[in-house]
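Next one to model:
(chains A and B)
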Amino acid sequence: MKRSSFLFLPLLLLFALPAQAQQPEVQWLTVFADHVPISDQAAFEEISLQFIDLMSDAGISDVSWATVQTDLFGYAYVMPGGPGDLAELNATWGAAIAALGDPGAESMAKGDKLVSSRDMFYLGLRNDLSYMPERVQISGELPYRYYTQLFVHPHKVAEFEASLSGWQSMYREAGVEHGWRVYQYMTGTDLPAYLVVQAAASVAAFHTRQAELEANVGDRMDEMRAKTGPTLRRAVNSGGWVRPDLSYPAGN
Amino acid sequence: MKRSLLLLIPALALVTLPCTAQQQDIEWYAVFAEHVPSSNLLAYEEAGQDLVSIFGESEITDVSWATVSSFDLGYSYVFAGTGPADLAELYARLGAAMEAIGERGAAAMKKSDGLVESRDIFFLTLRPDLSYLSEAGGFSADSPFRINLHLFVQPAMVEEFETAVQEWVEAYAELGIEHGWRTYQYATGNDLPAYLMVETAVDHLDYYTWTAEVEKTLGDRGWELWEKAMPAIRRMDQSYGWYREDLSYAAPEEGS
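Here you go, the predicted structure:
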C-alpha cells in the first residue's frame, strides 16, 4: 500500500493538513558500513589507518567522515547529507580517489579483500524526538555508544512517536543531564525502525548512570515502558565505539 | 575502507573518469515494499485495489507505480525513474495526491496499514550493460511471472563478477537466444554488494519450458560461464514473484 511512502515521512500522518507543513526537520546522515570478520579486523584497521594517512598527505580537505565501530553495523562511516547530496558526494569522492592515485587504489583493494559485506543506508536525526541531542555528538570525549534499535509496528508510528515526548518530559523533570538522539531509518529493511543513541565515556560510566537513573525514576520509567512497549515489534540493544583514529580528518 | 563508497555507487568503477559523466545515464528505481502476514493477504489486497481505484477516479496524473508481489519480498511498489535525489519530490507528489484523494483514500490506507508487518525502502539501478534484451524484464501483464535471482557478490570481486555477467550477455547474443533478463544493482541496503537479476514469463510452466530450451542451446558453455562467475558470489537466492497489474497505478496522460 502506498501508505508506506508516508510513514517514512515522519509525522506525515494527518492527511487533512498540507504535506509540507507536517514534516519535521530531519537532519540526514549517509551511512556506509563495512562488515569485517573478526579474524581480519586488525589488518583492516591497519590498512584504514594507512588510507587516512594517504588522504592527509594528499591534502584532501573536502571529504570527511566519522567512524563508529559496532557489532551491529561493523565499521560505520557516517557523513552529513541525504539522498539529495549523493551526486555531489560521489563527485567529491571520485576526485579525492583520483588525487590519491595508485597508492590509494592499492590501499582500497587490500581493504576490500577483508570485507565480507557492506551496507548503505540513510538515517534522519529527529531532534523533535530526542533529549538534549547536542550532548550526543560523535566525539572522542564520549566514545562509548549505547544503541537501542526500536522496530515499530507500521500502524503504531504515531503512538510510538507520541510516547517519546513522555520520555523527554520525564528526563527533563528528573533533571537528567545526559541526552539521547533518536534517528529514524529512512531507507533499509524491517522498517519502521528507529535508532536511539546514547554516549558515555565508557561502558562502566554508561551503566553506572543508568543504574542511578533507575534508582531515582525507575517507577516512571516502567510507566513509560508500558506506554512505548505496545508500539514495538522488537527492540535490540548493542554497544559501539567512536573511532577518531579511523575518522577523517584524523581525530574528527 | 572508503572503497565502500565507490562500490556502492553504480558505474563509479573507474575512478579515473569524471564521476558526473558516469552518472548521467543511470536509471534509478525507488522500491517501497510491504510485508504482510499470510493471514492478512486477502484483506490487504482488497484495500490495495480500492486505493488504486480511488487514484484512478481522482485522475491522479503525476504518480505511477508498478507492483510486484512475492513471498520473500512482499508487495514491492516500484517507482521508475526515482533515485535518491528525487525522493523529496516523490514525497511531495505523493503528498499532493493524498490530499487530492481525500478521506476515502485515507480510509483505504489506514485499513491496509493495520495489516502490514514491516516495510523496506531501497534504491536499485538498472545495469543495461549487465542485462540482455532488457525489455524482457519489464512490467507486463502479458508476462507477469517474475523470477528473481539475488546475487550477493564478494566485495573484492565486483569487477570479476561484472565481467562474468558481460560474458553471459555476449554468449546469449552470439547464440541468438530470444529470452532476456534485467540486472539491477542494489544502491542502498544491507548485505551489499548485491544484484538482482529478473526474468519474466507467462507462468511457471512457460518459464521452465523455455529455460530448458535455453540450457540446451547454451550446452557446456553455460556451465563454463557459471564456473567463471561463481567464485565472485557469496550467496545466491532465487524467488518467484508476480507483476500485479491490479495493484499498480499508471497515471493517465494529462489531457487524455
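
what pLDDT does B:Pro84 get?
Looking at B:Pro84, its pLDDT stands at 93.

what about it, how many neighbours?
Counted with other Cβ atoms under 10 Å in any protein chain shown, the burial measure for B:Pro84 works out to 21 neighbours. (Glycine included, C-beta is placed from N, CA and C.)

Does it touch A:Pro83 like I think?
Yes: with contact defined as Cβ atoms under 8 Å, B:Pro84 reaches A:Pro83; the gap is 3.1 Å.

Overlap in contacts, these two.
Both B:Pro84 and A:Pro83 are contacted by A:Tyr122, under the criterion Cβ atoms under 8 Å, 6 or more residues apart in numbering or on different chains.

Pull out the buried positions in the top strand by length along chain B.
The strand spanning the most residues in chain B, taking DSSP state E as the definition, is strand B:233-243. Neighbour-count burial for strand B:233-243, counted by 16 or more other Cβ atoms under 10 Å in any protein chain shown, picks out B:Ile233, B:Gly241, B:Tyr243.

Would you give the sheet partners of it, along with the direction of each?
Within its sheet, and counting by DSSP bridges, strand B:233-243 is paired with strand B:66-70 (antiparallel), strand B:145-153 (antiparallel).

Select, out of the ones you listed, the one closest to B:Ile101.
Distances from B:Ile101 to each of these were compared by Cβ to Cβ, and the smallest falls on strand B:66-70, at 17.3 Å.

which outside residues touch that closest one?
For strand B:66-70, the external contacting residues (Cβ under 8 Å, 6+ apart) are B:48, B:75-78, B:80, B:139, B:146, B:148, B:239-244, B:247-248.

let's see 7 Å
Counting contacts by Cβ atoms under 7 Å, 6 or more residues apart in numbering or on different chains, the residues outside strand B:66-70 that touch it are B:75-78, B:139, B:146, B:148, B:239-244, B:247-248.

then stretch A:124-133 to PDB, C-alphas only?
These are the backbone C-alpha positions of stretch A:124-133, laid out as PDB (Å, rounded to 0.1, in the frame of the first residue of the first chain):
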ATOM      1  CA  GLY A 124      17.300  11.100   9.800                       C
ATOM      2  CA  LEU A 125      18.200  12.700  13.100                       C
ATOM      3  CA  ARG A 126      14.900  13.500  14.800                       C
ATOM      4  CA  ASN A 127      15.700  16.300  17.200                       C
ATOM      5  CA  ASP A 128      12.000  16.600  18.000                       C
ATOM      6  CA  LEU A 129      12.100  13.000  19.400                       C
ATOM      7  CA  SER A 130      15.500  13.400  21.100                       C
ATOM      8  CA  TYR A 131      16.500  14.700  24.500                       C
ATOM      9  CA  MET A 132      19.500  17.100  24.700                       C
ATOM     10  CA  PRO A 133      20.700  15.700  21.400                       C
END
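
Could you list every helix and strand in contact with the longest strand along chain A?
The strand spanning the most residues in chain A, taking DSSP E as the definition, is strand A:232-242. Strand A:232-242 makes packing contacts with strand A:66-70, strand A:144-152 when contacts are defined by 3 or more Cβ pairs under 7 Å, 6 or more residues apart in numbering or on different chains; DSSP states H and E.

hmm, 10 Å instead?
strand A:66-70, strand A:74-80, strand A:144-152, strand A:193-200, helix A:203-228 (3 or more Cβ pairs under 10 Å, 6 or more residues apart in numbering or on different chains; DSSP states H and E).

Report the spatially nearest residue to residue 236, omitting neighbours in sequence.
Looking at chain A here, since you left the chain open. Leaving out its chain neighbours, the residue that sits closest to A:Val236 by Cβ to Cβ, 6 or more residues apart in numbering or on different chains is A:Gln149, at 4.4 Å.

sorry, should have said chain B
With Cβ to Cβ, 6+ apart as the measure, B:Leu151 is the residue that lies nearest to B:Met236, at 5.7 Å, once sequence neighbours are left out.

May I have the beta-bridge partners of the one you found?
B:Tyr195, B:Met236.

could you list every residue that touches it?
Taking Cβ atoms under 10 Å, 6 or more residues apart in numbering or on different chains as the criterion, B:Leu151 is in contact with B:161, B:165, B:183, B:185, B:193-197, B:229, B:232-238.

and the gap between B:Asn88 and chain A?
To be clear, residue B:88 is Ala; Asn isn't right here. Applying Cβ to the nearest Cβ, to the nearest Å, the value for B:Ala88 to chain A is 6 Å.

and the residue nearest to A:Arg172 when sequence neighbours are not counted, how many neighbours does it have?
What sits nearest to A:Arg172 in space, not counting adjacent residues and going by Cβ to Cβ, 6+ apart, is A:Tyr131, at 7.3 Å. Taking other Cβ under 10 Å as the neighbour definition, A:Tyr131 ends up with a count of 23.

Over to A:Ser202?
The tally of other residues near A:Ser202 (other Cβ under 10 Å) stands at 12.

That one contacts A:Glu141, correct?
No: under the contact definition of Cβ atoms under 10 Å, A:Ser202 does not touch A:Glu141, with a separation of 11.5 Å.

ok, how many other residues are close to whichever residue of chain B sits closest to chain A?
Going by Cβ to the nearest Cβ, chain A is nearest to B:Gly95 of chain B, at 2.6 Å. Residues contacting B:Gly95 under the criterion other Cβ under 10 Å number 22.

quick one: it from B:Ala156, how far?
Here the criterion is Cβ to Cβ, to the nearest Å. By it, B:Gly95 lies 43 Å from B:Ala156.

list the helices and strands the lengthiest helix in chain B packs on?
Ranked by residue count, the top helix of chain B under DSSP state H comes out as helix B:87-113. Contact analysis of helix B:87-113 by 3+ Cβ pairs under 10 Å, 6+ apart lists helix A:3-7, helix A:19-22, strand B:27-35, helix B:41-57, strand B:74-80 as its packing neighbours.

For these, give me a markdown table that also has distance to A:Phe44.
Converted to a markdown table, the helices and strands packed on helix B:87-113 look like this (distance: least, Cβ to Cβ, whole Å):
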| stretch | distance to A:Phe44 |
| --- | --- |
| helix A:3-7 | 36 |
| helix A:19-22 | 43 |
| strand B:27-35 | 31 |
| helix B:41-57 | 44 |
| strand B:74-80 | 34 |
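
deepest of those, which one?
Of all the helices and strands packed on helix B:87-113, helix A:3-7 has the most neighbours on average by mean count of other Cβ atoms under 10 Å in any protein chain shown, namely a mean of 25.

looking at the helices and strands packed on helix B:87-113, which is closest to B:Leu175?
strand B:27-35 (26.5 Å).

Pull that closest one out as CSV, backbone CA atoms only.
Written as CSV, here are the backbone C-alpha positions of strand B:27-35 (Å, rounded to 0.1, in the frame of the first residue of the first chain):
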residue,chain,number,x,y,z
GLU,B,27,18.2,4.6,-14.5
TRP,B,28,17.0,4.6,-10.9
TYR,B,29,14.2,2.8,-9.2
ALA,B,30,12.9,3.5,-5.8
VAL,B,31,11.2,0.5,-4.2
PHE,B,32,8.9,0.6,-1.2
ALA,B,33,8.0,-2.9,0.0
GLU,B,34,5.4,-4.1,2.5
HIS,B,35,5.5,-7.4,4.3
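
That one near chain A anywhere?
Yes: in this structure, strand B:27-35 sits against chain A according to Cβ under 10 Å from any Cβ of the partner chain; the contacting residues are B:Ala30, B:Val31, B:Phe32, B:Ala33, B:Glu34, B:His35.

for stretch B:74-84, same thing?
Yes: if you take Cβ under 10 Å from any Cβ as the test, stretch B:74-84 does meet chain A, through B:Tyr75, B:Tyr77, B:Phe79, B:Gly83, B:Pro84.

Thought B:Arg244 was touching the first one, still the case?
Yes: in terms of Cβ under 10 Å, B:Tyr75 counts as a neighbour of B:Arg244; the distance is 7.7 Å.

Great, nothing more from me.
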